[in-house]
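Participant: Coordinates only, no sequence provided:
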């Protein structure tokens, strides 16, 4: 190898390393600032921040997957749709389910600490809708995307049965994201609060 090529590769490696450091520095600084914010408030608000941040991850992740899937569907890019489905399956168990459980756990803490009680419409609606969304994700979306992956291996990505199953998964996922949006709106607006 000649020296200019080695020098160019070395410079590229240094740039990549600098971006890696910057890529971690931003979130670490944000975490430090968050800790400072939370250290200067009441426990109720600490729990509320954790609850809201987990809800953002759950809702935002589901919304992004839905948008990407709709984009791929409009482009008639079945391979991209299938990749998104595989990523959704991976994210479901590693990100969405844990985030949804954190939302629920800290929701119970907030109802208790805030002395809200469980008789309000907005609390009941939130719990029922959360349960419905969780069951849809755990009992249908996760397993169905796994079955879809096996069907793709057996029949190929362009098979009509594969595409029909994919359409069904996407329709249920869109409905689930809409339900999670309603949960978020319910928690913020607290409708019919007496």
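Facilitator: Looks like it arrived, so ask away. Everything numeric here is computed off the predicted structure, so don't read it as measured data.

Participant: name the helices or strands packed onto the helix or strand in which residue 56 is found?
Facilitator: If you go by DSSP states H and E, residue 56 is part of helix 43-74. Identification of packing neighbours for helix 43-74 by 3 or more CB pairs under 8 Å, 6 or more residues apart in numbering; DSSP states H and E yields helix 3-39, helix 78-91, helix 97-113, helix 160-189. All C-beta spots, glycine's among them, are computed from the backbone N, C-alpha and C.

Participant: tell me the domain boundaries of the protein?
Facilitator: 1-40, 42-189 (automatic domain parsing).

Participant: Format those as JSON lines; extra columns: mean neighbour count and mean pLDDT.
Facilitator: Supplementary listing: the domains of the chain in JSON lines, determined by neighbours: other CB atoms under 10 Å; pLDDT from 0 to 100:
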{"stretch": "domain 1-40", "mean neighbour count": "10", "mean pLDDT": "74"}
{"stretch": "domain 42-189", "mean neighbour count": "16", "mean pLDDT": "91"}
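
Participant: Adding distance to residue 121 as columns, could you present the helices and strands packed on helix 43-74 in CSV?
Facilitator: Listed next are the helices and strands packed on helix 43-74 as CSV, based on distance: least, CB to CB, whole Å:
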stretch, distance to residue 121
helix 3-39, 30
helix 78-91, 32
helix 97-113, 13
helix 160-189, 9
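
Participant: right, so of the ones you listed, which gets closest to residue 51?
Facilitator: Closest approach to residue 51 among these is made by helix 97-113 (3.7 Å; CB to CB).

Participant: Secondary structure class of residue 76, three-state.
Facilitator: Put simply, residue 76 is coil when judged by DSSP: H, G, I helix; E, B strand; the rest coil.
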